[in-house]
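> pasting the sequence and the predicted model now:
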Protein chains: 4
Amino acid sequence: MNMYLMQEYLTEPAAQPLFGDAQWFAALLAFESALAESQAECGLIPETAARDIVRACEAVVPLDHAIFVTQARQSGALGVALVAPLKRWLSHNAPEALSWLHWGTTTQDAVDTAHAMLTRDALGALLAEIDALCEPLQAMARQHAATPMLARSLMQPAQVTSFGFKCAQTLASLRRSQAQLRELSSSALCVQLGGAVGNRASLGDAGVAVESAMARRLHLHAAGYAWHTQRDGWMRLGMEVAVCSGTLAKLAKDWALMSQCEVGEISEASRGSTSSAMPHKRNPVHCMQAIAQTQPVPHIASLLLSCMPQAHERALGEWQAEVAHWASLWQHTLAACRSLGLAAKGLQVHVGRMQANVDVLQQLVFSEGFVHVLSPCIGEVQAAALVAGMSEQALAQSTPLGALLLQWMEAAPSIEAAQKPPLRDALQQAADLNVAVRSSARACHELLKECAHCND
Amino acid sequence: MNMYLMQEYLTEPAAQPLFGDAQWFAALLAFESALAESQAECGLIPETAARDIVRACEAVVPLDHAIFVTQARQSGALGVALVAPLKRWLSHNAPEALSWLHWGTTTQDAVDTAHAMLTRDALGALLAEIDALCEPLQAMARQHAATPMLARSLMQPAQVTSFGFKCAQTLASLRRSQAQLRELSSSALCVQLGGAVGNRASLGDAGVAVESAMARRLHLHAAGYAWHTQRDGWMRLGMEVAVCSGTLAKLAKDWALMSQCEVGEISEASRGSTSSAMPHKRNPVHCMQAIAQTQPVPHIASLLLSCMPQAHERALGEWQAEVAHWASLWQHTLAACRSLGLAAKGLQVHVGRMQANVDVLQQLVFSEGFVHVLSPCIGEVQAAALVAGMSEQALAQSTPLGALLLQWMEAAPSIEAAQKPPLRDALQQAADLNVAVRSSARACHELLKECAHCND
Amino acid sequence: MNMYLMQEYLTEPAAQPLFGDAQWFAALLAFESALAESQAECGLIPETAARDIVRACEAVVPLDHAIFVTQARQSGALGVALVAPLKRWLSHNAPEALSWLHWGTTTQDAVDTAHAMLTRDALGALLAEIDALCEPLQAMARQHAATPMLARSLMQPAQVTSFGFKCAQTLASLRRSQAQLRELSSSALCVQLGGAVGNRASLGDAGVAVESAMARRLHLHAAGYAWHTQRDGWMRLGMEVAVCSGTLAKLAKDWALMSQCEVGEISEASRGSTSSAMPHKRNPVHCMQAIAQTQPVPHIASLLLSCMPQAHERALGEWQAEVAHWASLWQHTLAACRSLGLAAKGLQVHVGRMQANVDVLQQLVFSEGFVHVLSPCIGEVQAAALVAGMSEQALAQSTPLGALLLQWMEAAPSIEAAQKPPLRDALQQAADLNVAVRSSARACHELLKECAHCND
Amino acid sequence: MNMYLMQEYLTEPAAQPLFGDAQWFAALLAFESALAESQAECGLIPETAARDIVRACEAVVPLDHAIFVTQARQSGALGVALVAPLKRWLSHNAPEALSWLHWGTTTQDAVDTAHAMLTRDALGALLAEIDALCEPLQAMARQHAATPMLARSLMQPAQVTSFGFKCAQTLASLRRSQAQLRELSSSALCVQLGGAVGNRASLGDAGVAVESAMARRLHLHAAGYAWHTQRDGWMRLGMEVAVCSGTLAKLAKDWALMSQCEVGEISEASRGSTSSAMPHKRNPVHCMQAIAQTQPVPHIASLLLSCMPQAHERALGEWQAEVAHWASLWQHTLAACRSLGLAAKGLQVHVGRMQANVDVLQQLVFSEGFVHVLSPCIGEVQAAALVAGMSEQALAQSTPLGALLLQWMEAAPSIEAAQKPPLRDALQQAADLNVAVRSSARACHELLKECAHCND
């Protein structure tokens, strides 16, 4: 797929071309070959005709792009442009095969089937890119399962979590997407074979047999029916790509926030200057790419869904629009995944800064636990008010909240002397970072275990 | 859910209120009760505290809407508004339970869990509405499996199909959506239990046990982890609703087109005048409603997907926006399904007009077959040109295309006499409507069989 | 802009390349030249440096695409890739100019300014395409101002209108879009000049002067301020393109409906077969293209709007995503307009069929008027009921509704003899097609007059 | 407009109800009154009929919500439900006026006109909310025009700007939106008067006169034509609301980022605890609300744009969907504006922290200037490399970059002694924060001046 200059720099190049002209032409011709061979196998057309059609499909390569587009424009139908050079070759070389070419099918059969083939490749690429991102995520989840860092809710300090647990959550989400993508592929990556109006009229009783033979040849699945205008199976796969993109966008946002100079908890591998004006600039370029690439995805999903009402037996525009935009869903998600994979691979994790960002908060992150410890003694409302008030004091005086509460407790006349030692212990335990981080470590390991099963 | 006047008339009222204030309040309180009971069951909090909290949850009903909203606005957190009246009741009646109220959880736990409960009801309602639409669709598919009608591609006459097959295709798609909705519910309709930052810190080792106990009590599933900011499972269910809505939109579009006066193949049950000015007006009101209701769904899907990048351990706005718009996805799809169910139930199928719309085309719908019959004799290119030319003539002269071709064939010097009798038979067979409709009938029955399995 | 195969056949090629790599490179280099010249003009940099930079910009053409993209990827900044070859040339040929190259600016200044230049060309192309569509629309509006045709509401027969009026309404809407596009261009097609962070720090007091000089050189406007992260002016222009696309989509939908075989009121110029299987097929290919091209536009508009929250002084991803998708808004709208222009130019208007579609309704289209005539005599409720009942009879008996009503009236004992003659006249006038079409003709001419002013 | 519980807490209540049932009913009845009065004024209907219709409109208040909805559902047409009670009243009290009720109009005339009236109120409210936000923005722009703070690009430290300039940029953008909203209102807030099919057939020559008279009575504008299915003027206003929402979203994002604990440059006015679990929590609740409210707006814009292709003379679903969702565009934008207005009014600006965030960067923010100063002496490439290298050193050693460069320069053998004093001065000036902030202050004042003109 040719890329626009303004999109091209927002991604590393793919390992293989996807949805390119050459791939399209090859898949369209593969459809015609497989159709003829399968029809011959089922006794619908002569073996010789099938052989001639296969030869024609080989002979016309490479298709002339300009002629193809001109004919497709003229007719509005890619099938017309596809069979034209085949017809020309056959009329010269095997005219008796002519009437079996593209027989019993329609433009949409060829295009949807080819599209399923190209999408299968894109799916393979996406699964691989997710693997490439999951590998460093998993490594970091293991390594940092108990590395304390600030947990933030509503973009404000909340409590303590671990960097590993954050990684594991994204990892688990990506693994679920992989499982779902695989699961859905069998009902989405199917041969399309409906004939002119979806009822396989020309194929008689042999429709299902031809479909199966084609699926075998083209390494696709057989739905058992035509899906010309019932796009639910196809759309389901697309929507899972969009969901996966949402997970990637969340990761990119978190890392962008953690990369802020004022937060400083991670940084992307150094790449020299990233500014045309400011030599000191170090931008999180991979995060930028991932954000730029995931930004369009919900809107493309919406576009594809809005194409679903396809009138009668073939749409006037909606199907064509769906085909025109399907690839971009994959391209953007692939690109985002690739950028984040590169970011993850080179990620510098600043453990000291993570710790410092917790420490500077003077144990405010333990406020929930402090309240819980104090409530039985002084009442829940009073405990919450006390902790809220002392929280401000702790920040103002740069003194740990726990210390202030201990000090208050020791002096509090309302608390009996006998209560004080256990209360002291409880407050100290509530302020224990190790305890706090333990639950994140446990949650992290549970997710890692679950992900291990995903891979089975 | 209170409905806007301009939306309210676009749907029949639901059998039960969904996402209403009362449902929300009940579900939120059920969360607090189930939490306390489950924590007590797991030995985390005293049995008496749990009992008191349950009593409090009963005692505060009905919650005061205005106070609730004011407190939620003030704090930005629904949890604050939820626990306030419970705290008030407990401080008067069971102050020692106060510190166990809402313990170890956060606003998002309560809201997401309650939302899952409300969504379970909406899912039940949607499955039932789909059933109510599928029933007449299935009946029509059976009855009209071999009722010939024009198949149209690009909104132009193509070939012949059957009305039953058209119904069966939508039916099969809806059944697939039902199966998928059921399948996804186990990973989407889950208790949310993460505590302040998703690591279940307060619950220690008992997190999974409490989650399971709550799931049992609330008739939800247990994911085994918190999904505060990893929304993929939840989103997957939403996207399936959007896909289902696409299928409904396709049906509404088809029926709107078939209802056009100039097409006249179906009409909705009569309902008296549908115009404030024109007494003769008979509008397809249910189709109008279904189109109006499915129109927003792709855009709501896009909105929900765009909320997925939820920063850190709780989003600043994106989560709240997701919760605010999730219900409308269901409401619109439910309403569209209900309107189409009513349309289907009362649908008048004008079989004569279907036949007439085919007949008026003078057998042009068999052009593909005619070409295929003639090609071996006169060459494929010539056959196509001949049929194309005679097609115009057939329409101009109101003479069946088959007759014109027969006439031409009998007179054609280029065709040997011996070839003529079999050619005559082949042309006649190619123009046999019964043959043509047979493939649609077969395809229809195959789908009906598949759907029967779906129901297992 | 390289186009994806699956989009390429959905539009005729543009008269000129828009947003192509070559255009981008030329505009980016033009920015650097104009910047240097303007800074020299304002006395900020030496004249010789400016001349050297201009020479460098000429010397590096053609830029190497692959190297450019690689460097842009590496840095995430197109500016880095842009200045690299210029720096190389200057270090060899005029090293003392080096420190004045790209001085006081940033990547976004170059990219946004170049983008404004490319968009100016796209705007010119769009205005011309709209003209090309408006010309046949206007001719048809004039010619068919009084050509009666069925008006349809909710896709059902309503009353009578004229084909010319339908054309004029779209014409007027397109003219309003043209006027608005022109109006908005002065605040949208502006030089971007903000320096690293939008405050034009390096330019001192000369910021406005440099901006004006650049605007003069590049044939753009000068906003007087940087619009790095305040995209409202730019977005306003984009949203007008989306609105214009909505008007085009409405036209395409109407024409697709009128082109249906069963309606038959218009057809696109014949283009031979448009199907790979069915030689009789005549598809409205231009309408299909226009529908396929306008379908994505609302979603692209949504994507662009969702990019507006650009953090601080340059966005991490949102700006880059906006730039990456802006062109497609224009491409789709241009393509839709072009297809509809071609459709309009060759449109076959079947006046007889329009009349026949009215006639077949047996004057039901006059029901509102009949009621109004009868109400004073027999009461409004009775009149409406009478007309509604007789409407069904008229269709069933293929008798004009007016004749049935006259017949009823003559026999009605409740109507006094003296009332009958004027009532007879009134009923006959209410059934006068000429009267009915006159209002459409008048409305048509009013719009044509308004459009004439638009062109001033 | 009744609000969903999950949306209600995301906004402060509006000063006045907008799009409520009562407003709708009042506006619909006002349409019928004004129509009758204007038709009487133009001599089309008897004065007495007009007076009776006006009386009827007064007499039926309050309309019964349930009956209204039931009748609208039944017919799919709000007009049918609207005239029913009026007809009932008139048949009892003034039967001779019956046939002039709603005469010459249609459901869409009433609904669109009423909608324009409600939208006029919403526009007034939005302009006022923008004013309420602009006031504190302007005050802060003035007060902090020269308050230095870090400028950030790609979410990383770039250079220095001022807090006032940031405020002024948003202010200017909002003022432009206000101007545009006012400008567009005259072509958007128009009487709808087209009759059954948009040609004003019943009104004869008096169409324009009636339209003008109605506009005068209802305080709307007169377009001069019906806009039943040409929605461009209406949509333009909607798209400007969406653009305005984008500006608000950018402000909310900036403030959310600046409110982060680690950045600490601003905070919202204290409001007590904002968490159900953590007493120390201080969330930027107004920013959260604004983000949650602006999030859906691009998607609603997309939905509205996708409704533009309205078939023929009245849409089957698309118009109804547009009407159903138009209000939410306004509600969300109004709510976001209100929340940000409250945030702005109470905003705590931490000038010291702003300064500290600059200082901690050890003059790296001046790197562009340093390179520019050094380039003439040592070459641009070397200067950039030197500054980049020393930037890291400056951070590592907590030493100002300027001091390191001075030190290097003094010791550099490659720089002649005579060059050193001027170089020293230039480096010192390049590191002068006052100089740096001056350009932002100037830019700030220029925008403030421009905004002053906006208000004229």
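Here it is on my side, so go on.

> contact residues of the stretch 251-400 of chain A facing chain C?
A:252, A:256, A:271-278, A:283-285, A:287-293, A:295-296, A:299-300, A:302-303, A:306-307, A:316-318, A:320-321, A:323-325, A:327 (CB under 8 Å from any CB of the partner chain). (Glycine included, C-beta is placed from N, CA and C.)

> list buried residues within those.
Buried subset of these (neighbour count, 16 or more other CB atoms under 10 Å in any protein chain shown): A:252, A:256, A:273-278, A:283-285, A:287-293, A:295-296, A:299-300, A:302-303, A:306-307, A:316-318, A:320-321, A:323-325, A:327.

> could you find the closest non-adjacent residue to A:Gln429?
In space, and not counting its chain neighbours, A:Gln429 is closest to A:Val435: 6.3 Å by CB to CB, 6 or more residues apart in numbering or on different chains.

> over to A:Ser153?
Nearest to A:Ser153 is B:Arg314, by CB to CB, 6+ apart, at 3.4 Å.

> now do the same contact list for that neighbour.
Each residue near B:Arg314 by CB atoms under 8 Å, 6 or more residues apart in numbering or on different chains is listed here: A:152-154, A:158, B:106, B:108, B:197, B:228-229.

> quick one: which of these sit in helices?
By the criterion of DSSP state H, membership of the contacts of B:Arg314 in helices covers B:Gln108.

> and of the contacts of B:Arg314, the nearest to A:Leu5?
Closest to A:Leu5 out of the contacts of B:Arg314 is B:Thr229 (34.9 Å), distances taken as CB to CB.

> any idea how far the closest one lies from chain D?
According to CB to the nearest CB, to the nearest Å, B:Thr229 and chain D sit 15 Å apart.

> can you check A:Met308 too?
Following CB to the nearest CB, the distance that separates A:Met308 from chain D is 13 Å.

> span of stretch A:8-16 from start to end?
Distance across stretch A:8-16, first residue to last, is 15 Å (CA to CA, to the nearest Å).

> shouldn't A:Gln39 be in contact with A:Trp100?
Yes - counting by CB atoms under 8 Å, A:Trp100 is a contact partner of A:Gln39 at 7.4 Å.

> show me the strands in the stretch 1-150 of chain A, by range?
A:148-153 (DSSP state E, counting those that start in this stretch).

> so where's it uncertain?
Applying pLDDT under 70 to the stretch 1-150 of chain A picks out residues A:1-2.

> close to chain C: what parts of the stretch 1-150 of chain A are there?
Neighbours of chain C within the stretch 1-150 of chain A, by CB under 8 Å from any CB: A:1-12, A:19, A:21, A:24, A:65, A:69, A:72-83, A:102, A:105-107, A:110.

> picking up where we left off before, restrict the residues of the stretch 251-400 of chain A next to chain C to contacts with chain B.
A:252, A:299, A:302-303, A:306, A:316.

> next, give me the two most distant ones among these.
Farthest apart among those - using CB to CB - are A:Ala252 and A:Leu316, which lie 38.5 Å from each other.

> contacting residues for A:Leu171?
By CB under 8 Å, 6+ apart, the contact list for A:Leu171 reads A:134, A:137-138, A:141, A:447-448, A:451.

> distance of the spatially most central residue of chain A from chain D?
A centroid search over chain A (CA atoms, centre = their mean) returns A:Cys244, at 2.9 Å, as the residue closest to the centre. Going from A:Cys244 to chain D by CB to the nearest CB gives 20 Å.

> cool, and A:Gln393?
11 Å.

> cool, A:Glu211 as well?
Plainly put, A:Glu211 is 35 Å away from chain D if you go by CB to the nearest CB.

> name all residues that make contact with that residue.
Residues near A:Glu211 by CB under 8 Å, 6+ apart: A:191, A:193, A:222-224.

> next, format those residues as JSON lines and append neighbour count, distance to A:Gln397 and pLDDT.
Shown next, in JSON lines, are the contacts of A:Glu211 (neighbours: other CB atoms under 10 Å in any protein chain shown; distance: CB to CB, whole Å; pLDDT from 0 to 100):
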{"residue": "A:Val191", "neighbour count": "28", "distance to A:Gln397": "72", "pLDDT": "98"}
{"residue": "A:Leu193", "neighbour count": "32", "distance to A:Gln397": "76", "pLDDT": "97"}
{"residue": "A:Ala222", "neighbour count": "18", "distance to A:Gln397": "73", "pLDDT": "97"}
{"residue": "A:Ala223", "neighbour count": "21", "distance to A:Gln397": "69", "pLDDT": "96"}
{"residue": "A:Gly224", "neighbour count": "15", "distance to A:Gln397": "73", "pLDDT": "95"}
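
> reformat those residues as TSV; add distance to chain B and secondary structure.
As requested, the contacts of A:Glu211 are exported to TSV (distance: CB to the nearest CB, whole Å; DSSP: H, G, I helix; E, B strand; the rest coil):
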residue	distance to chain B	secondary structure
A:Val191	15	coil
A:Leu193	11	coil
A:Ala222	13	coil
A:Ala223	10	coil
A:Gly224	7	coil
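
> right, I'll leave it there.
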